[in-house]
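K.L.:
I would like to see how this sequence folds:
(chains A and B, ligands or ions: 1)
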Amino acid sequence: MSSRRSFMGFALGATAAVGGVFTLVGMKKTWDPLPSVKAAGFTTVDLSVLSEGELRTVEWRKKPIFILKKTEQMGQSPTDIVADGSRYTVVIGLCTHLGCIPAFHKDEQKFVCACHGGQFDINGKNISGPPPRPLEIPPFAVDGTKLVLGEEGPEYKKMIEKA
Amino acid sequence: MAEFKKADGIVDWLDQRLAVKSFMKVMMTQYWIPKKINFLWAMGVILLTMFAILFITGLLLVMYYKPDVALAFDSVNKTIMQEVEYGWLWRHMHGVAASVVFLVMYIHMFTGIYYGSYKRGREMIWISGMLLFVLFSAEAFSGYMLPWGQMSYWAAMVITNLFGGIPFIGPELVEWIRGDYAVGDATLNRFFMLHVCLLPIVVIAVIAFHFYSLRFPHVNNEISEELDFDLEAEKYLAGQKKESKVIAFWPDFLCKDIFYICLFMIFYFYLVCFHYDFAMDPINFDPANALKTPPHIYPEWYFLWSYEILRGFSYEIGLACFGIAQVIFFVLPFLDRSDVVAPAHKRGAFMVWFWVLLLDMIILTIYGKLPPVGINNNIATIASVLFLLLLIVILPVITIMERKAKK
Ligand code: FES
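P.N.:
Model prediction:
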């Protein structure tokens, strides 16, 4: 008798647990970004219109992306994106501290985040203040003079491997 | 089935079906309140009044508010403020109430700390109260986002980003919470859901629990005297109202409370009518712009102290300390290891501790608003360290000493 009752209890518990897990999975997925949001995750930028030393900001996945065509004096960095013979700094323009947008100070050749005083050099490397990491590099693919943001091209994969 | 008699009136009719008379006794006429309490004990009822105001004005606002990134800003700043009759009033009442409710909550909390009302059987009252504080914080934050101004947007950005600091799952978690790669329409709608549906329901449930938990140990009093409530109630019911140390919640006690509510309402409507702007950040009258950060981001005044603790340290440590600051008050009854229940002015070192804590939080609040440059940073770090020390180290030490002295 009691074993039958405990079997019923066990069966009930197991059913409830399975149902609960499925419900949680379903609810988690409901909160995930929608397919349309994910599909809009690619942006193509024409690099040929950029001029040297000028910062250009484009929007990708609602985030600002800084694109800077580097001049000769700015030197080289392993994080440079090379396209069409020129070097570019391409980073997500959100401070790695708390997500403010740093401003480009052209004469100092620095990105300065006004929020808590974080500073990044011309390659997006954090040089002072609270930001814990360099500015992030978005996934990209180079296609001639075009830069596709959101796609993980071979150059991107190589860069990530080295890092 | 129970037997129903012909009722001799509407109250009797209800009483037979819902036992309203016993209910009234338990809730009002035979719910005992100590006589020796001062105006600080009126804060609970004031909070309830504020919550009612927030609820009702919120209903009026939600009839015109549109949770859509393209429409939200105008639905608030144009439709509600200019077109809807008295829309401005409901909005200002809602905004000011959301701000002063925290002022009253802090007074309520510190009254509890001062008089030791979190101890000796009253732990659950304290914990459920702290839970209400956290829920109100979430409610305030999710509501702050809805007008979709610049400060709303960037506050949402910064706060959701904080979850990115959680090891391993951080970045994915942030995307999941936002429902988008950045704060966007999905984010706005889920915060809208939280603000008008889920959180209010939970808040109401926890308020009910807070009151329920108050029934057993009863209200503390100004001299932290341990009362025999049954005995005192007997005296009261026998007509010795003067000798009894308690009074009934209704009608005796509530009369006095209503007086304090009236006073408070004068202050509140003074703010609503003449100083509503203190609850409205000017930056929030610019529509949200994902590609431009305001030069200086800060939260509303009631979050400044914990925000300053976040800023006071380097990133990871700041995040951890911020997390601790959010929950540390929950365990206050267990950090205070002394079983002395007495007002702070009778507890020597505890009294000093109390005022230093209060002062430290005021300093954190002030510096939380100032831009984090130069000397401000040092003060922030010192005040943040002091805050953590006071609660985690100094309080237990003081109370252990008290314990030893008693033996
Ligand atoms: S967000 Fe940039 S320094 Fe804090």
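K.L.:
all strands for chain B, in order.
P.N.:
Counting by DSSP state E, chain B has strands at residues B:32-34, B:246-248.
K.L.:
Select, out of those strands, the one closest to B:A7.
P.N.:
For those, proximity to B:A7 was assessed by CB to CB; strand B:246-248 is nearest, at 26.4 Å. C-beta here means a position set from N, CA and C on the backbone, and glycine is covered the same way.
K.L.:
Give me the sheet partners of that closest one and which way each runs.
P.N.:
Each strand paired with strand B:246-248, and its direction, by DSSP bridges: strand B:32-34 (antiparallel).
K.L.:
And stretch B:233-247, end to end?
P.N.:
Stretch B:233-247 has an end-to-end distance of 8 Å (criterion: CA to CA, to the nearest Å).
K.L.:
Show the average pLDDT along it.
P.N.:
Taken as a whole, stretch B:233-247 carries a mean pLDDT of 90.
K.L.:
Buried ones in stretch A:122-129, by neighbour count?
P.N.:
A:122-126, A:129 (16 or more other CB atoms under 10 Å in any protein chain shown).
K.L.:
Can you tell me what sits against that stretch?
P.N.:
With CB atoms under 8 Å, 6 or more residues apart in numbering or on different chains as the test, stretch A:122-129 has contacts from A:66, A:68, A:70, A:74, A:77, A:79-80, A:89, A:91, A:96-97, A:109-111, A:113, A:116-121, A:132-135, A:137.
K.L.:
just to revisit the earlier point, which one of the buried residues of stretch A:122-129 is nearest to the ligand?
P.N.:
Nearest to the ligand among the buried residues of stretch A:122-129: A:G129, at 5.4 Å, using CB to the nearest ligand atom.
K.L.:
Can you pull the phi/psi pair for that closest one?
P.N.:
Dihedral pair for A:G129: phi 90, psi -170, per degrees, to the nearest 10.
K.L.:
gap between it and B:P372?
P.N.:
Note on A:G129: its distance to B:P372, by CB to CB, to the nearest Å, is 9 Å.
K.L.:
Now the common contact residues for the two.
P.N.:
When contacts are counted by CB under 8 Å, 6+ apart, A:G129 and B:P372 are jointly contacted by A:116-117.
K.L.:
how about the nearest residue to B:F322 once chain neighbours are set aside, what does it touch?
P.N.:
In space, B:F322 comes closest to B:L310 once its chain neighbours are excluded; the distance is 4.0 Å by CB to CB, 6 or more residues apart in numbering or on different chains. Applying CB under 8 Å, 6+ apart to B:L310 gives the contacts B:162, B:318-319, B:321-322.
K.L.:
which of these tops the neighbour count?
P.N.:
Sorting the contacts of B:L310 by how many neighbours each has (other CB atoms under 10 Å in any protein chain shown) puts B:G318 first, at 24 neighbours.
K.L.:
ok, back up a step: okay, the strands of chain B in TSV with distance to the ligand next?
P.N.:
Conversion of the strands of chain B to TSV gives the following (distance: least, CB to the nearest ligand atom, whole Å):
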stretch	distance to the ligand
strand B:32-34	49
strand B:246-248	54
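K.L.:
quick one: the helix or strand hosting A:V18 to chain centroid distance?
P.N.:
Using DSSP states H and E, A:V18 sits within helix A:2-31. Its chain's C-alpha centre and that of helix A:2-31 lie 38 Å apart, by CA atoms, centre = their mean, to the nearest Å.
K.L.:
Okay, buried residues for that helix please.
P.N.:
Within helix A:2-31, no residue counts as buried by 16+ other CB under 10 Å.
K.L.:
about what we covered before: write the PyMOL selection for whichever of the contacts of stretch A:122-129 are buried.
P.N.:
The buried residues among the contacts of stretch A:122-129 can be selected in PyMOL (16+ other CB under 10 Å) with this line:
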select buried, chain A and resi 66+68+70+74+79+80+89+91+96+97+110+111+113+116+117+118+119+120+121+134+135+137
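K.L.:
out of the contacts of stretch A:122-129, who's near the ligand?
P.N.:
A:97, A:113, A:116-118 (CB under 6 Å from any ligand atom).
K.L.:
Among those residues, show me the least confident.
P.N.:
Within these, the minimum per-residue pLDDT falls on A:H116 (78).
K.L.:
doesn't B:S314 make contact with that one?
P.N.:
No - using CB atoms under 8 Å as the test, A:H116 is too far from B:S314 to be in contact (10.5 Å).
K.L.:
got any residues that touch both of these two?
P.N.:
Counting by CB under 8 Å, 6+ apart, the contacts common to A:H116 and B:S314 are A:P130.
K.L.:
so how many other residues sit close to B:P372?
P.N.:
If you count neighbours by other CB under 10 Å, B:P372 ends up with 19.
K.L.:
what does the model give it for pLDDT?
P.N.:
Reported pLDDT for B:P372: 73.
K.L.:
nearest spatial neighbour of it, skipping sequence neighbours?
P.N.:
A:H116 (5.0 Å).
K.L.:
Wasn't that neighbour part of a strand?
P.N.:
No - the assignment for A:H116 is coil, going by DSSP: H, G, I helix; E, B strand; the rest coil, so no strand is present there.
K.L.:
what's the residue nearest to A:E152 when sequence neighbours are not counted sitting at in phi/psi?
P.N.:
Distances taken as CB to CB, 6+ apart place A:P139 nearest to A:E152, at 4.6 Å, with adjacent residues excluded. In terms of degrees, to the nearest 10, the main-chain angles of A:P139 are phi -60, psi 130.
K.L.:
distance of A:V142 from A:G150?
P.N.:
Computed with CB to CB, the distance linking A:V142 and A:G150 is 13 Å.
K.L.:
For chain A, list the residues in contact with the ligand, please.
P.N.:
Residues of chain A that fall close to the ligand, judged by CB under 6 Å from any ligand atom: A:95, A:97-100, A:113, A:115-118, A:129-131.
K.L.:
got a markdown table for these, with distance to B:I37 too?
P.N.:
A markdown table is the format used below for these (distance: CB to CB, whole Å):
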| residue | distance to B:I37 |
| --- | --- |
| A:C95 | 50 |
| A:H97 | 47 |
| A:L98 | 44 |
| A:G99 | 47 |
| A:C100 | 47 |
| A:C113 | 50 |
| A:C115 | 45 |
| A:H116 | 45 |
| A:G117 | 48 |
| A:G118 | 50 |
| A:G129 | 50 |
| A:P130 | 46 |
| A:P131 | 51 |
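K.L.:
Report the mean confidence score over stretch A:133-144.
P.N.:
On average, stretch A:133-144 scores 89.
K.L.:
And for stretch B:91-110?
P.N.:
Mean pLDDT, computed over stretch B:91-110, is 96.
K.L.:
And that stretch, what's buried?
P.N.:
In stretch B:91-110, counting by 16+ other CB under 10 Å, buried: B:91-102, B:104-106, B:108-110.
K.L.:
same thing with stretch B:85-92?
P.N.:
By neighbour count on 16+ other CB under 10 Å, the buried set for stretch B:85-92 is B:87, B:90-92.
K.L.:
of these, list those near the ligand.
P.N.:
Of these, not one also sits near the ligand (CB under 6 Å from any ligand atom).
K.L.:
and the residues you listed as JSON lines, adding distance to chain A?
P.N.:
Below are those laid out as JSON lines (distance: CB to the nearest CB, whole Å):
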{"residue": "B:G87", "distance to chain A": "30"}
{"residue": "B:W90", "distance to chain A": "31"}
{"residue": "B:R91", "distance to chain A": "28"}
{"residue": "B:H92", "distance to chain A": "29"}
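K.L.:
Just say helix, strand or coil for the spatially most central residue of chain A.
P.N.:
The residue lying closest to the centre of chain A (CA atoms, centre = their mean) is A:P138, at 4.4 Å. Following three-state DSSP, the label given to A:P138 is coil.
K.L.:
Wait, it touches A:I92, no?
P.N.:
Yes - the criterion here is CB under 8 Å, and A:P138 meets it with A:I92 at 5.4 Å.
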